[in-house]
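Participant: below: sequence and its predicted model.
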Amino acid sequence: MKIKTDFHLHTNDDRVDNIHHTAKELIDKAAANGFSALAITNHDTFTFSKSLKSIAEDCGILLIPGIEKTIHGKHVLILNASPGIEKIKNFKELKSAKKQDDLFIIAPHPFYPTGTCLRNKLLQNIELFDAIEFSYFYTKWFNFNKKAVQVARQYDLPLIGNSDCHLLEFFGICHSRLEVEATTQEDIFHAIKNKKIEIKSHPDTLQQLAKIILTMETSKVKKVWKKIRTEKQTTTKYLLDS
(Lines give C-alpha, C1' and ligand atoms only; values in the text may rest on other atoms or scores of the structure.)
Protein backbone atom coordinates (compact mmCIF):
# COMPACT_ATOMS: atom_id res chain seq x y z
CA MET A 1 0.00 0.00 0.00
CA LYS A 2 1.03 3.62 -0.51
CA ILE A 3 1.16 6.06 2.38
CA LYS A 4 1.73 9.82 2.56
CA THR A 5 4.70 10.91 4.67
CA ASP A 6 6.59 14.03 5.73
CA PHE A 7 9.75 13.75 7.83
CA HIS A 8 10.90 17.37 8.12
CA LEU A 9 8.51 19.34 10.32
CA HIS A 10 8.75 22.11 12.91
CA THR A 11 6.46 23.20 15.76
CA ASN A 12 6.37 25.87 18.47
CA ASP A 13 8.71 23.72 20.59
CA ASP A 14 11.53 24.75 18.25
CA ARG A 15 14.34 26.58 20.08
CA VAL A 16 15.61 28.40 16.99
CA ASP A 17 12.64 29.54 14.90
CA ASN A 18 9.53 31.34 16.10
CA ILE A 19 6.79 28.93 15.02
CA HIS A 20 3.16 29.41 15.99
CA HIS A 21 1.49 26.02 15.52
CA THR A 22 1.63 23.27 18.13
CA ALA A 23 2.51 19.63 17.55
CA LYS A 24 -1.15 18.69 17.97
CA GLU A 25 -2.24 21.26 15.39
CA LEU A 26 0.34 19.85 12.99
CA ILE A 27 -0.85 16.28 13.59
CA ASP A 28 -4.49 17.32 13.11
CA LYS A 29 -3.57 19.05 9.83
CA ALA A 30 -1.72 15.94 8.67
CA ALA A 31 -4.64 13.68 9.53
CA ALA A 32 -7.06 15.93 7.66
CA ASN A 33 -4.83 15.63 4.60
CA GLY A 34 -4.48 11.85 4.69
CA PHE A 35 -0.93 11.51 6.00
CA SER A 36 0.09 8.24 7.67
CA ALA A 37 3.59 8.93 9.00
CA LEU A 38 5.39 12.04 10.28
CA ALA A 39 8.54 13.11 12.09
CA ILE A 40 8.68 16.34 14.09
CA THR A 41 12.23 17.59 13.61
CA ASN A 42 12.69 20.80 15.57
CA HIS A 43 16.10 22.49 15.49
CA ASP A 44 18.35 20.96 18.15
CA THR A 45 15.20 20.06 20.09
CA PHE A 46 13.94 16.52 20.61
CA THR A 47 10.15 16.76 20.43
CA PHE A 48 8.59 13.38 21.09
CA SER A 49 6.64 11.84 23.96
CA LYS A 50 4.24 9.01 24.70
CA SER A 51 1.36 11.48 24.77
CA LEU A 52 2.26 12.92 21.35
CA LYS A 53 2.67 9.42 19.96
CA SER A 54 -0.77 8.53 21.34
CA ILE A 55 -2.35 11.67 19.85
CA ALA A 56 -0.89 10.75 16.47
CA GLU A 57 -2.03 7.12 16.76
CA ASP A 58 -5.58 8.29 17.51
CA CYS A 59 -5.41 10.15 14.18
CA GLY A 60 -4.12 7.08 12.34
CA ILE A 61 -0.58 8.47 12.11
CA LEU A 62 2.75 6.90 13.01
CA LEU A 63 4.94 9.53 14.70
CA ILE A 64 8.64 8.77 14.30
CA PRO A 65 11.02 10.42 16.82
CA GLY A 66 13.16 13.02 15.07
CA ILE A 67 15.33 16.11 15.32
CA GLU A 68 17.08 18.56 12.98
CA LYS A 69 20.49 18.62 14.61
CA THR A 70 23.12 21.28 13.99
CA ILE A 71 26.55 19.69 13.59
CA HIS A 72 29.53 21.92 12.79
CA GLY A 73 26.97 24.58 11.89
CA LYS A 74 25.20 22.28 9.39
CA HIS A 75 21.69 20.86 9.59
CA VAL A 76 21.14 17.09 9.67
CA LEU A 77 17.79 15.28 9.94
CA ILE A 78 17.94 12.36 12.36
CA LEU A 79 15.06 9.88 12.66
CA ASN A 80 14.60 7.16 15.27
CA ALA A 81 16.20 9.74 17.54
CA SER A 82 16.27 9.98 21.34
CA PRO A 83 16.85 12.86 23.80
CA GLY A 84 20.58 12.08 23.95
CA ILE A 85 20.96 13.10 20.30
CA GLU A 86 20.80 16.74 21.43
CA LYS A 87 24.29 16.32 22.92
CA ILE A 88 26.02 15.22 19.70
CA LYS A 89 28.72 17.74 18.73
CA ASN A 90 30.41 16.36 15.61
CA PHE A 91 30.14 13.86 12.78
CA LYS A 92 32.35 11.35 14.59
CA GLU A 93 29.88 11.24 17.48
CA LEU A 94 27.00 11.01 15.01
CA LYS A 95 28.64 8.04 13.32
CA SER A 96 29.01 6.28 16.66
CA ALA A 97 25.40 7.04 17.62
CA LYS A 98 24.11 5.83 14.25
CA LYS A 99 25.81 2.47 14.72
CA GLN A 100 24.71 2.10 18.33
CA ASP A 101 21.12 3.38 18.07
CA ASP A 102 20.26 2.45 14.47
CA LEU A 103 19.57 6.04 13.48
CA PHE A 104 18.12 6.93 10.09
CA ILE A 105 19.85 10.04 8.72
CA ILE A 106 18.66 12.37 5.96
CA ALA A 107 20.53 15.28 4.38
CA PRO A 108 18.05 18.21 4.37
CA HIS A 109 18.17 20.79 1.53
CA PRO A 110 21.90 19.97 1.25
CA PHE A 111 22.98 22.27 -1.59
CA TYR A 112 21.03 25.43 -0.89
CA PRO A 113 23.15 28.61 -0.62
CA THR A 114 22.92 29.12 3.14
CA GLY A 115 25.52 28.53 5.82
CA THR A 116 23.53 25.79 7.57
CA CYS A 117 23.26 23.54 4.51
CA LEU A 118 25.62 20.57 4.35
CA ARG A 119 27.11 21.11 0.89
CA ASN A 120 30.67 19.65 1.01
CA LYS A 121 30.05 18.16 4.47
CA LEU A 122 27.56 15.80 2.83
CA LEU A 123 30.17 14.53 0.39
CA GLN A 124 32.81 14.25 3.13
CA ASN A 125 30.44 12.17 5.30
CA ILE A 126 28.34 10.50 2.61
CA GLU A 127 28.54 7.08 4.31
CA LEU A 128 26.48 8.44 7.22
CA PHE A 129 23.42 9.28 5.15
CA ASP A 130 20.53 7.00 4.34
CA ALA A 131 18.72 9.46 2.08
CA ILE A 132 18.91 12.93 0.56
CA GLU A 133 16.06 15.40 0.78
CA PHE A 134 14.28 16.93 -2.20
CA SER A 135 13.23 20.30 -0.80
CA TYR A 136 9.97 22.17 -1.40
CA PHE A 137 11.84 25.46 -1.97
CA TYR A 138 12.21 25.88 -5.73
CA THR A 139 10.60 27.52 -8.76
CA LYS A 140 10.60 27.11 -12.53
CA TRP A 141 13.54 29.50 -12.67
CA PHE A 142 15.83 28.12 -9.96
CA ASN A 143 16.10 24.74 -8.30
CA PHE A 144 18.92 23.95 -5.87
CA ASN A 145 17.61 20.38 -5.71
CA LYS A 146 19.37 19.62 -8.99
CA LYS A 147 22.69 19.04 -7.25
CA ALA A 148 20.96 16.84 -4.65
CA VAL A 149 19.49 14.71 -7.45
CA GLN A 150 22.95 14.36 -9.06
CA VAL A 151 24.60 13.32 -5.78
CA ALA A 152 21.81 10.86 -4.97
CA ARG A 153 22.37 9.18 -8.34
CA GLN A 154 26.14 9.24 -7.98
CA TYR A 155 26.08 7.54 -4.57
CA ASP A 156 22.97 5.41 -5.20
CA LEU A 157 21.02 7.05 -2.38
CA PRO A 158 17.25 7.57 -2.29
CA LEU A 159 15.65 11.00 -2.63
CA ILE A 160 12.79 11.84 -0.31
CA GLY A 161 10.47 14.83 -0.47
CA ASN A 162 9.67 16.81 2.69
CA SER A 163 7.94 20.12 3.34
CA ASP A 164 10.29 21.54 6.03
CA CYS A 165 7.08 22.96 7.47
CA HIS A 166 7.48 26.19 9.47
CA LEU A 167 4.10 27.62 8.42
CA LEU A 168 1.11 25.33 8.82
CA GLU A 169 -0.57 26.55 5.63
CA PHE A 170 2.37 25.17 3.65
CA PHE A 171 2.41 21.77 5.33
CA GLY A 172 2.81 18.98 2.79
CA ILE A 173 3.71 21.35 -0.06
CA CYS A 174 6.34 18.73 -0.83
CA HIS A 175 5.98 15.20 0.55
CA SER A 176 6.49 11.55 -0.33
CA ARG A 177 4.33 8.52 -0.97
CA LEU A 178 5.98 5.30 0.15
CA GLU A 179 5.14 1.77 -0.91
CA VAL A 180 5.06 -0.22 2.35
CA GLU A 181 3.77 -3.55 3.62
CA ALA A 182 2.62 -1.93 6.87
CA THR A 183 2.81 1.48 8.50
CA THR A 184 5.67 0.67 10.83
CA GLN A 185 8.97 2.43 11.33
CA GLU A 186 10.84 -0.63 10.10
CA ASP A 187 8.80 -0.89 6.90
CA ILE A 188 9.08 2.84 6.26
CA PHE A 189 12.87 2.87 6.54
CA HIS A 190 13.03 -0.25 4.38
CA ALA A 191 10.86 1.41 1.71
CA ILE A 192 13.05 4.52 1.66
CA LYS A 193 16.29 2.55 1.42
CA ASN A 194 14.82 0.53 -1.42
CA LYS A 195 13.63 3.67 -3.20
CA LYS A 196 9.96 2.76 -3.09
CA ILE A 197 9.25 6.47 -3.10
CA GLU A 198 7.11 8.80 -5.16
CA ILE A 199 7.94 12.46 -4.48
CA LYS A 200 4.89 14.72 -4.72
CA SER A 201 5.97 18.27 -5.44
CA HIS A 202 5.65 21.15 -7.86
CA PRO A 203 7.51 24.44 -8.35
CA ASP A 204 6.49 27.21 -5.98
CA THR A 205 5.33 30.57 -7.26
CA LEU A 206 7.44 33.60 -6.49
CA GLN A 207 4.52 34.93 -4.42
CA GLN A 208 4.51 31.77 -2.29
CA LEU A 209 8.26 31.92 -1.69
CA ALA A 210 8.11 35.62 -0.88
CA LYS A 211 5.39 34.99 1.70
CA ILE A 212 7.30 32.09 3.25
CA ILE A 213 10.58 34.02 3.46
CA LEU A 214 8.97 37.21 4.79
CA THR A 215 6.93 35.38 7.41
CA MET A 216 9.84 33.26 8.59
CA GLU A 217 12.28 36.17 8.79
CA THR A 218 9.72 38.34 10.60
CA SER A 219 9.13 35.52 13.07
CA LYS A 220 12.87 35.22 13.75
CA VAL A 221 13.09 38.95 14.50
CA LYS A 222 10.08 38.72 16.82
CA LYS A 223 11.68 35.82 18.67
CA VAL A 224 14.91 37.79 19.19
CA TRP A 225 13.02 40.83 20.47
CA LYS A 226 10.94 38.64 22.78
CA LYS A 227 14.14 37.18 24.24
CA ILE A 228 15.63 40.67 24.71
CA ARG A 229 12.47 41.91 26.46
CA THR A 230 12.38 38.86 28.72
CA GLU A 231 16.04 39.29 29.69
CA LYS A 232 15.48 43.02 30.30
CA GLN A 233 12.46 42.32 32.52
CA THR A 234 14.42 39.71 34.45
CA THR A 235 17.32 42.11 34.96
CA THR A 236 14.98 44.91 36.09
CA LYS A 237 13.23 42.60 38.55
CA TYR A 238 16.60 41.47 39.93
CA LEU A 239 17.73 45.09 40.44
CA LEU A 240 14.47 46.05 42.12
CA ASP A 241 14.62 43.03 44.42
CA SER A 242 18.27 43.66 45.36
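Facilitator: Right, received. Where do you want to start? Numbering: from 1, shown residues only.

Participant: partner strands of the helix or strand encompassing residue 133, with direction?
Facilitator: Using DSSP states H and E, the element containing residue 133 is strand 131-135. According to DSSP bridges, strand 131-135 forms sheet pairs with strand 104-107 (parallel), strand 159-162 (parallel).

Participant: run the chain-centre distance for the last one.
Facilitator: Here strand 159-162 shows a centroid-to-chain-centroid distance of 11 Å under the convention CA atoms, centre = their mean, to the nearest Å.

Participant: ok, now the first one?
Facilitator: With CA atoms, centre = their mean as the basis, the distance from the averaged C-alpha position of strand 104-107 to the chain average is 10 Å.

Participant: per-residue pLDDT, the residue nearest to the spatial centre of the chain?
Facilitator: Closest to where the C-alpha atoms of the chain average out (CA atoms, centre = their mean) is residue 8, at 2.4 Å. pLDDT, residue 8: 98.

Participant: ok, now the one 10 residues further on?
Facilitator: Residue-level confidence at residue 18 comes out at 87, pLDDT.

Participant: next one: residue 226
Facilitator: Residue 226 carries a pLDDT value of 51.

Participant: picking up where we left off before, list of residues touching the strand holding residue 133?
Facilitator: Outside strand 131-135, the residues that touch it by CB atoms under 8 Å, 6 or more residues apart in numbering are 8, 77, 104-110, 112, 122, 144-145, 148-149, 151-152, 157-162, 164, 174, 192-193, 199, 201. All C-beta spots, glycine's among them, are computed from the backbone N, C-alpha and C.

Participant: for ChimeraX, what selects the buried ones among those residues?
Facilitator: Listed next is the ChimeraX selection for buried residues among the contacts of strand 131-135, using 16 or more other CB atoms under 10 Å:
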select :8,77,104,105,106,107,108,109,110,112,122,144,145,148,151,152,157,158,159,160,161,162,164,174,192,199,201
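
Participant: from the contacts of strand 131-135, which land in strands?
Facilitator: Counted as lying in strands by DSSP state E, out of these, are 8, 77, 104-107, 159-162, 199.
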